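K.L.:
Build me a structure from this.
(2 chains)
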Amino acid sequence: MEFLRTTLENGLEIVAECNGEAHSTAVGFFVNTGARDESPDLAGVSHFLEHMAFKGTARRSADDVNREFDEMGAQYNACTSEEHTVFFASVLPEQQDRVLGLLADILRPALREEDFRTEKQVILEEIRMYEDQPPFGADEKCRAAHWGSHPLGQSVLGSLESVGKLSVEAMRAYLDARYVPGNIALVAAGRVDFDLLARSARRYCGAWEPGPAQRTVEPPVHRRGFHVLRKESATQAYAVQMAAGPTATDDDRYAAKLLAAIVGDETGSRLFWELTDRGLAESASMGHYEFEGAGLMITYLCCDPSIAADNLQRILDLYRRVESEGVAQAELEQAKNKVSSRIVLSGERPRGRLFVVGGDWLHRRQYRSVRADLDALAAITLDDVTNVVAKYPLSSATTLIVSPLEKIAPPR
Amino acid sequence: MNPTIHCETYANGLVLLAEPMPWLESAAFTLLTPAGCAHEPDDRSGLSEFTCEMTLRGAGSRDSRQFILDLDHLGVERSDSVTDAHIGYSGATLSGNLLRALAIYADVVRAPHLPDDQLEASRLALLQDLRAVEDEPSEKTMLELRRRHYPDPWGRPPQGEVAAVEAITLEDIRRHVAGHFHPNGTILGVAGNFSWPALKDAVGEWFGDWQPAPTPAIVEKPAARQIVHLPYESSQTHIGVAYPSVPYRHPDYFQAWGAVGVLSGGMSARLFTEVRERRGLCYTVYAVHHTVRDYGGVFCYSATSAERAQETLDVILAELTRLAQGVEEEELARLKARIKSALIMQQESSSARSGSIARDFYHLGRARALDELARLVDGLTCQSINQYLREHPPSDFTVVTLGPEKLEVRIGVS
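P.N.:
A predicted model of the protein is given here:
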């Protein structure tokens, strides 16, 4: 396992974890742009642009793009979040150069008016799909309530209205401003021929014009609140709760991940024994989510609406107990075993490593091997966890519930 | 690719299959017991799921807390599932912990406590799952589609029905365990980094004295294939279309499967191209080949806003009808490229392989190695697929729609 990196003259960074034992090669362009980089009139443009990348370039039609990926036998996709847009593919090693050429090309999409109109319909259907399925937008709505007008409170999908109004010219301006080489990392993992990777990158991306791409990172204010949104047709109640957590560059994040495993893992955690095991909830979990300059501890609950208020009270009581009594050494050890095993298992696939290596690079300009992450977890002490609990109280949160019941009593 | 899959059939009928993947640090297992929902009494739907839930609440020397504590301590990433044929338990962990994890699961299937004081909690958990399905229109559509496509009991939704789940007693669960948790018919698939002699001996020790029992027969009822609309309050209409195909064990399986691969698979496949890319009708559209022991089916799904749903259904049905005219060389070449790389990438996942070899054995009585699969896929030609399609054109459709308005099913119209 070897980590290699280089930078093109135009600022494009190339990083790779090369594993000669792997069977496949995963490559991806990690663009440092997402919902938080959109002005309100552009809400949803990052995600829409991600779709448009597959609709053709100056040299390729949409059919060409799809056909060529399939001809290579690539497993490929793209995803957009609050702060990143990632285009990625897993291929057999002999396809490394070809897939990179194709991925690089779609990062310079043609944005043809007719394709734009057709794809807009697809995006609108995607928005309607999320409106129809759990948690019925509760996650994005809670983030908006928690972070208010801070850019991290913005929706990734945008709304039917904002996407409906979006023009191809506005998308092109966003593309030109955000997809500059200095704002993109080319990441690879698995069986990577690094010399070839660097040569291919120079060939396919060397002519990309450099330019400035800034992101204003102001620390967000974490609010508290309790919101119930009625959805008569829903059968279950869906609650999302957000509290402050360590940011992407905060070393507390390891302790936060272990705390999340102790308190909120899907199985064997405090929430599991309190709710899921008793059949009081269909699911209940809590996890740590990191962003540039911000972090969240997010609790998810799905349960029968008639007991939602009771369950939220149980969760609050549980969090208060954690804050006053801390957690036990045995719980910490159990969480370490669990999380470490998960890191090793997901790291066996190049695709799994691609996202870890890419995330580490965009967030921290740092490479961390599986071993380094395991060591960091092993070193966490009970004091570290107690410290995180004190710094980031789980009981101080924004709660948003989508429920068929109009009224759900807030916990006290 | 990896040539050897070890296979051991113990005297009591239990089958162990093991595929070495020594380049991994992990090992994974899939344990299938022949206690799936096809074996439930008609008025006890959900019994297999209920039984599965109860077997995970303490077994052997461990109560329910110790059971989870020990598995977490071993870092076992686990899941369980109920299908028509099996209650299945899967796990993956670091290779050094495999045998200890398997010892715990030997208790789950041989000595579950089925604790009386956790019956109601389990029932609540199942009822919550059933309620959650009500909120998942896509899942609801496909469960209804499968139920109507296959002869009963093969298409039953494992979640069961509310009234039945409310009526299930501990005695029902004990009877289900006693009647169906047997070594004969149980398949254990293991893949990853392990020592075969040690694995074979350990499994013999933990499962060898488990007593076999007769396999109960299943009585089938013909499929109620039909066209139905289920009214549902949603902004999108959900569309499910199924038609009969051959099961995995059938000599023509790969022809049928190849044809579906042309219909749906990569983003250049027909349904994605025609429904989403050309017309922008939907976000999701797919078709998959599904199989139970003696029957197969192709299941298609899409969802779109109500006013575009009729066109979406029309285009899907037109594509299914057009499939009978055959597939083209370029389409097959792309399919082969995708499958070749998917097979090679399976070598990076012990979980994927442990599940595949266990299911293979259920359907075929043996496991297929990756290189055999690669040869079968290589052997596909347009001629062979098109001959199959001429003999088995997509027809006899079951259609389930869910949403605000009913659609017209116009077969043969484009």
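K.L.:
Grab the most central residue of chain B for me.
P.N.:
B:Thr83 (6.2 Å; C-alpha atoms, centre = their mean).
K.L.:
Report the spatially closest residue to that residue, excluding sequence-adjacent ones.
P.N.:
B:Gly36 (5.1 Å; C-beta to C-beta, 6 or more residues apart in numbering or on different chains). Yep, even glycine has a C-beta here, placed from its N, CA and C like the rest.
K.L.:
give the contact list for that neighbour.
P.N.:
Each residue near B:Gly36 by C-beta atoms under 8 Å, 6 or more residues apart in numbering or on different chains is listed here: B:48, B:82-87, B:158.
K.L.:
ok, now A:Asp139?
P.N.:
A:240, A:298, A:300.
K.L.:
List the strands paired with the host helix or strand of the last one, with their directions.
P.N.:
Spelled out, it's A:Tyr300. Using DSSP states H and E, A:Tyr300 sits in strand A:294-303. Applying DSSP bridges to the sheet, strand A:294-303 is found paired with strand A:237-244 (antiparallel), strand A:283-291 (antiparallel).
K.L.:
Let me have the ones you listed in a markdown table, extended by mean pLDDT and mean neighbour count.
P.N.:
Converted to a markdown table, these look like this (pLDDT from 0 to 100; neighbours: other C-beta atoms under 10 Å in any protein chain shown):
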| stretch | mean pLDDT | mean neighbour count |
| --- | --- | --- |
| strand A:237-244 | 98 | 25 |
| strand A:283-291 | 98 | 21 |
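K.L.:
Let's have these in a markdown table, adding distance to A:Leu354.
P.N.:
Listed next are those as a markdown table, based on distance: least, C-beta to C-beta, whole Å:
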| stretch | distance to A:Leu354 |
| --- | --- |
| strand A:237-244 | 28 |
| strand A:283-291 | 18 |
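K.L.:
Let me see the ranges of the helices in the stretch 1-150 of chain A.
P.N.:
A:45-53, A:62-71, A:96-106, A:113-132, A:138-147 (DSSP state H, counting those that start in this stretch).
K.L.:
okay if I get those as a markdown table plus mean pLDDT?
P.N.:
Output for the helices of the stretch 1-150 of chain A, formatted as a markdown table (pLDDT from 0 to 100):
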| stretch | mean pLDDT |
| --- | --- |
| helix A:45-53 | 98 |
| helix A:62-71 | 97 |
| helix A:96-106 | 98 |
| helix A:113-132 | 95 |
| helix A:138-147 | 97 |
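K.L.:
quick check, B:Ala92 in a strand?
P.N.:
Yes. Counting by DSSP: H, G, I helix; E, B strand; the rest coil, B:Ala92 is part of a strand.
K.L.:
give me the number of residues near it?
P.N.:
31 (other C-beta atoms under 10 Å in any protein chain shown).
K.L.:
gap between the strand holding A:Tyr300 and the chain center?
P.N.:
14 Å (C-alpha atoms, centre = their mean, to the nearest Å).
K.L.:
cool, and stretch A:31-50?
P.N.:
14 Å.
K.L.:
Show the end-to-end separation of that stretch, please.
P.N.:
One end of stretch A:31-50 sits 10 Å from the other (C-alpha to C-alpha, to the nearest Å).
K.L.:
re earlier: what's the closest of the helices of the stretch 1-150 of chain A to A:Pro212?
P.N.:
Closest of these to A:Pro212 is helix A:45-53, at 17.9 Å (criterion: C-beta to C-beta).
K.L.:
for that closest one, packing partners?
P.N.:
Secondary-structure packing of helix A:45-53 (3 or more C-beta pairs under 8 Å, 6 or more residues apart in numbering or on different chains; DSSP states H and E): strand A:75-80, strand A:85-91, helix A:113-132, helix A:168-178.
K.L.:
can you give me the strands in the stretch 151-300 of chain B?
P.N.:
Using DSSP state E, counting those that start in this stretch, the strands of the stretch 151-300 of chain B run over residues B:187-192, B:227-231, B:236-245, B:285-291, B:296-305.
K.L.:
An error on my part: the question was meant for the stretch 301-414 of chain B.
P.N.:
B:398-403.
K.L.:
which residues of the stretch 301-414 of chain B score low on pLDDT?
P.N.:
Low-confidence segments of the stretch 301-414 of chain B (pLDDT under 70): B:412-414.
K.L.:
Retrieve the pLDDT associated with A:Met1.
P.N.:
At A:Met1, the model reports a pLDDT of 89.
K.L.:
thought it was touching A:Ser369?
P.N.:
Yes. Counting by C-beta atoms under 8 Å, A:Met1 does reach A:Ser369; the two are 6.5 Å apart.
K.L.:
Quick check: neighbours shared by the two?
P.N.:
In contact with both A:Met1 and A:Ser369: A:Glu17, using C-beta under 8 Å, 6+ apart.
K.L.:
Compare neighbour counts for these two and give me the winner.
P.N.:
When neighbours are counted by other C-beta under 10 Å, A:Met1 and A:Ser369 differ, and A:Ser369 comes out ahead with 16 against 13.
K.L.:
For that one, grab phi and psi.
P.N.:
When read as degrees, to the nearest 10, the backbone of A:Ser369 gives phi -80, psi 170.
K.L.:
show me what contacts it?
P.N.:
Counted by C-beta under 8 Å, 6+ apart, A:Ser369 has contacts A:1, A:3, A:17.
K.L.:
and which of the residues you listed is nearest chain B?
P.N.:
A:Met1 (12.2 Å; C-beta to the nearest C-beta).
K.L.:
Not counting sequence-adjacent ones, nearest residue to A:Phe69?
P.N.:
That would be A:Tyr76: by C-beta to C-beta, 6+ apart, it lies 5.1 Å from A:Phe69.
K.L.:
One more: A:Arg314?
P.N.:
Closest to A:Arg314 by C-beta to C-beta, 6+ apart is A:Glu274, at 5.6 Å.
K.L.:
my read is A:Ser324 is in a helix, agree?
P.N.:
Yes. Checked against three-state DSSP, A:Ser324 lies within a helix.
K.L.:
For the closest residue to chain B within the stretch 301-412 of chain A, which three-state class applies?
P.N.:
Proximity of the stretch 301-412 of chain A to chain B (C-beta to the nearest C-beta) peaks at A:Ser341, 2.6 Å away. Following three-state DSSP, the label given to A:Ser341 is helix.
K.L.:
can I assume it is in contact with B:Arg78?
P.N.:
No. Under the criterion of C-beta under 8 Å, A:Ser341 is not in contact with B:Arg78, lying 10.8 Å apart.
K.L.:
Between those two, point out the one with more neighbours.
P.N.:
Neighbours per residue (other C-beta under 10 Å) separate A:Ser341 from B:Arg78, with A:Ser341 holding more: 23 against 20.
K.L.:
Backbone torsions only: list them for the nearest residue to that one once chain neighbours are set aside.
P.N.:
Nearest non-adjacent residue to A:Ser341, counting by C-beta to C-beta, 6+ apart: B:Gly75, 2.6 Å away. Phi and psi for B:Gly75, reported as degrees, to the nearest 10, are phi 60, psi 40.
K.L.:
unless I'm mixing things up, A:Gly20 is touching A:Val192, no?
P.N.:
No. Using C-beta under 8 Å, A:Gly20 is not in contact with A:Val192; the gap is 9.1 Å.
K.L.:
could you say what helices and strands the helix or strand that contains A:Val402 packs with?
P.N.:
Secondary structure from DSSP H and E places A:Val402 in strand A:398-403. Under the contact criterion of 3+ C-beta pairs under 8 Å, 6+ apart, strand A:398-403 touches helix A:138-147, strand A:225-230, strand A:237-244, helix A:308-325.
K.L.:
and among the ones you listed, the most buried is which?
P.N.:
Most buried of those, by mean neighbour count (mean count of other C-beta atoms under 10 Å in any protein chain shown): strand A:237-244, with a mean of 25.
K.L.:
Many thanks, have a good one.
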